[in-house]
Every structure is written in structure tokens, then in C-alpha cells.
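Undergrad: based on what follows, work out the 3D shape:
(one chain, ligands or ions: 2)
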Amino acid sequence: MKIAGQLSIDDIPRICPLLSRVANPQYGEDGTRVVEVAGVRFGGERSVVIGGPCAVESHQQTVGLAHAVKRAGGDMLRGGAYKPRTSPHDYQGSGLEGLCILSVAREETGLPIVTEVMDPRMVGEVAKVADMLQIGSRNMQNYSLLSEVGRTHKPVLLKRGMSASLCEWLGAAEYIASHGNLDIVLCERGIRGFPSGEYSRYVLDLNVIPAARMLTFLPIIVDPSHATGVSAMVEPASRAALEMGSHGLLIEVADFSLGVPKCDGMQAIDAATFARVVQFARARGDRTRKHEYAT
Ligand code: PEP
Ligand code: MN
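TA: Ligands and ions are numbered 1, 2, ... in the order given. Coordinates of the predicted model:
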């Protein structure tokens with residue numbers, strides 16, 4: 001029986017002529033395209049560890065956390081000025097003011113910034129401040145947004161849709177690439193599964209890391225914060241992700257002395273825990289850089 005729209009990974013070379021290893025063999029069987037963000041190299045020798053708040057709430061909170069991430073040895077600062085929230089009545093982020101705060105944080109620490117853009121009309125504005133544009137899980141299939149970030153020359157962090165197959169995820173990346181921007185880093189952030197919400201927020205799909213690395217040359221990192229939704233799970237999940245071949249981590253960090261964050265407080269870790277994750281990433285060095293899963 002033939003079903004319309006049914007896809008398997010054998011379709012990836014057709015869906016992704018630019019990004020599939022088979023269709024575009026320039027990186028060979030196991031080479032990775034290095035995506036450089038203001039001197040930070042994704043897919044190179046060193047794992048990239050990104051930390052920062054879920055949402056940019058205030059100057060004191062975000063600039064303070066930027067210094068903490070820097071002291072811990074982190075490579076980049078994360079923080080959403082625009083937040084995709086389930087309820088329109090929930091905190092939506094600090095918008096343009098948040099972007100200004102992020103640029104002060106970069107000025108003071110030298111850390112490059114990754115921040116989410118949700119609206120194609122805002123890509124230019126966000127790109128003025130961001131060193132890397134984040135496409136959130138809920139927008140992974142917003143094809144006009146993908147096309148718009150594809151037209152910029154900014155590196156893109158493409159989160160996996162929470163219900164997206166690998167084919168759909170790589171198809172989304174191909175939209176960005178098809179507009180001339182191949183500086184894309186994939187980010188696994190947990191998918192919906194039958195136990196989602198029972199003991200963790202989503203299901204951290206570690207298996208997708210070697211699979212993605214087999215099928216595309218794009219670097220891939222993991223967000224253990226949204227994947228677990230439980231701060232105590234973030235550190236072990238980070239170690240597991242690196243063992244499975246992740247090129248880096250995107251982690252939510254909070255300063256609990258300022259109170260509970262407005263957004264995702266239960267999954268944030270403190271600066272000391274973040275520092276341990278960075279140390280682990282550095283100590284294990286290059287062990288699984290070359291993936292061992294090529295067929
Ligand atoms: C985030 O990184 O803050 C975020 C909203 O993540 P996701 O899009 O994966 O839910
Ligand atoms: Mn969050």
C-alpha cells in the first residue's frame with residue numbers, strides 16, 4: 001500500500017540535496033561542517049557549552065548570569081527576548097529591551113549570543129544583536145520564518161519540533177540551506193512520547209544524535225533542560241548527550257537568589273552545577289568527536 005506523505009530516512013537525499021551526506025558528499029562519510037559563531041566552533045574538536053536564562057527578564061539577571069557562564073568556562077550566552085508561551089496571558093519576554101540587555105551582556109563578557117526569533121518580520125531586528133538565531137521547537141515548520149533566516153548570513157540554531165521526525169527536521173534545515181545559508185546547527189530538545197509529563201517534560205531522544213550524524217554533516221547539540229524539565233536530570237542528561245556524540249549543549253541557568261525565574265524555573269540549574277557540566281565536557285575532550293556509527 002502506498003500512503004501519501006509517508007517518509008523514511010531513505011528519502012532524505014531527495015528531501016535534502018544540500019544537506020544529506022549521500023546527496024552532497026563534500027564532507028565524506030563522517031566529516032562535520034564546522035559552523036563558526038563569532039569564534040566559537042560547532043562541530044570542531046571542542047564541545048560547545050551554552051548557558052543562560054530561559055528568558056531575559058532584567059539587566060541584573062541576564063548580565064549577572066552572563067558573568068557566571070563566563071566564569072564557569074561556558075562558550076556562549078543563551079536567553080530569549082521573545083518567548084513562545086502556551087498561554088498568551090503568560091510572560092512573553094522583554095522584547096527589544098531584552099535584545100539591548102543581551103548586547104550589554106556580550107559587551108561585558110565577550111560571550112556570543114544565541115536568541116530566538118519567532119516572527120519573519122523580526123528577523124532583521126533580532127539579527128542586529130544575535131550572533132546566532134534560534135528557531136524554537138514550535139516554529140520548526142514555520143517555512144516562511146525558515147526561509148527568512150535562510151536569507152541572512154547569521155548562523156542558525158534549529159531546534160527539533162517536539163513531534164518532528166528526523167526527516168521533517170532535516171527538511172526544515174534544508175529550507176534554510178535552500179536560501180543560501182548552510183550555517184545550521186541542529187538541537188535535540190526532547191520529543192513527545194507516552195511518558196511525557198509523567199516523570200519528565202519530554203523524552204530526550206539520544207538515539208537521534210548518531211542517526212543525524214550519519215545522515216547529514218551538520219553539527220548537532222542537545223538541550224537537556226527542555227528535554228527533561230527537571231533540574232536534577234540536567235547534569236546526567238548532559239553527560240549522556242556528549243557520550244552519544246553531541247557536539248555541544250544548550251542549558252538553562254538561573255540565579256535563584258533573585259527569586260524563581262518567570263519561565264521554566266524547575267528545569268534551570270545554578271552556576272555551580274553548570275560549571276561542573278562544562279568541566280565534564282572539557283575533561284572528556286575529543287573522545288567521540290569522530291562518530292562510530294557510519295554504515
Ligand atoms: C527555549 O530554548 O527557551 C525554548 C523555548 O525552547 P524550545 O523551543 O525547545 O521549547
Ligand atoms: Mn525555556
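
Undergrad: can you get me a residue count around residue 183?
TA: For residue 183, the neighbour count with other C-beta atoms under 10 Å is 21. All C-beta atoms are positioned from the backbone trio N, CA, C, and that covers glycine.

Undergrad: I'd guessed it sits against residue 158; true?
TA: No - judged on C-beta atoms under 8 Å, residue 183 makes no contact with residue 158 at a distance of 10.7 Å.

Undergrad: need the phi and psi values for residue 133.
TA: For residue 133, the backbone dihedrals (degrees, to the nearest 10) come out as phi -90, psi 130.

Undergrad: also residue 168?
TA: Torsion angles, degrees, to the nearest 10, at residue 168: phi -70, psi -40.

Undergrad: residue contacts, it?
TA: Counting by C-beta atoms under 8 Å, 6 or more residues apart in numbering, residue 168 touches 7, 140-141, 161.

Undergrad: can you give me the strands in the stretch 151-295 of the chain?
TA: With DSSP state E, counting those that start in this stretch as the criterion, the stretch 151-295 of the chain has strands at 156-159, 184-188, 220-222, 248-252.

Undergrad: would you turn the ones you listed into TSV with mean pLDDT?
TA: Listed next are those as TSV, based on pLDDT from 0 to 100:
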stretch	mean pLDDT
strand 156-159	99
strand 184-188	99
strand 220-222	98
strand 248-252	98
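
Undergrad: looking at the ones you listed, which is nearest to residue 240?
TA: strand 220-222 (8.6 Å; C-beta to C-beta).

Undergrad: give me the pLDDT for the residue of the stretch 151-295 of the chain found nearest ligand 2.
TA: Proximity of the stretch 151-295 of the chain to ligand 2 (C-beta to the ion) peaks at residue 264, 3.7 Å away. Here, the pLDDT recorded for residue 264 equals 97.

Undergrad: please name the nearest non-neighbouring residue to it.
TA: Computed as C-beta to C-beta, 6 or more residues apart in numbering, the closest residue to residue 264 that is not its neighbour in sequence is residue 54, at 4.1 Å.

Undergrad: mind listing what the one you found touches?
TA: 79-80, 83, 225, 252, 254, 261, 263-264, 268.

Undergrad: quick check: residues of the chain near ligand 1?
TA: Taking C-beta under 6 Å from any ligand atom, the part of the chain that reaches ligand 1 is made up of 54, 80, 84, 136-138, 159, 189, 223, 226.

Undergrad: residue 134 in helix, strand or coil?
TA: With DSSP: H, G, I helix; E, B strand; the rest coil as the basis, residue 134 sits in strand.

Undergrad: tell me the contacts of it?
TA: The contact partners of residue 134, by C-beta under 8 Å, 6+ apart, come to 78, 80, 114-117, 156-157, 159.

Undergrad: got a list of what residue 23 touches?
TA: 13-14, 16-17.

Undergrad: for it, give me phi and psi.
TA: Dihedral angles (degrees, to the nearest 10) for residue 23: phi -80, psi -30.

Undergrad: now residue 66
TA: According to degrees, to the nearest 10, residue 66 has phi -60, psi -40.

Undergrad: what do you get for residue 33?
TA: Backbone phi and psi, for residue 33 under degrees, to the nearest 10, turn out to be phi -70, psi 120.

Undergrad: quick one: it from residue 64, how far?
TA: 35 Å (C-beta to C-beta, to the nearest Å).

Undergrad: residue 251 too?
TA: 16 Å.

Undergrad: ditto for residue 121
TA: Distance from residue 121 to residue 64, by C-beta to C-beta: 31 Å.

Undergrad: likewise for residue 16?
TA: 41 Å.

Undergrad: looking at those two now, which is surrounded by more residues?
TA: Using other C-beta under 10 Å as the criterion, residue 16 and residue 64 rank with residue 16 on top: 25 against 17.

Undergrad: touching, residue 38 and residue 131? I think so.
TA: Yes - using C-beta under 8 Å, residue 38 makes contact with residue 131 at a distance of 4.6 Å.

Undergrad: mutual contacts of these two, please.
TA: Common neighbours of residue 38 and residue 131 (C-beta under 8 Å, 6+ apart) are residue 112.

Undergrad: more crowded one of the two?
TA: Taking neighbours as other C-beta under 10 Å, residue 38 and residue 131 compare with residue 131 leading, 20 against 14.

Undergrad: just checking, the more buried one touches residue 105?
TA: No - contact criterion C-beta under 8 Å: residue 131 and residue 105 do not qualify, at 11.7 Å.

Undergrad: spell out which parts of the stretch 151-295 of the chain neighbour ligand 2.
TA: Within the stretch 151-295 of the chain, the residues that sit near ligand 2 (C-beta under 5 Å from the ion) are residue 264.

Undergrad: done for today, thanks.
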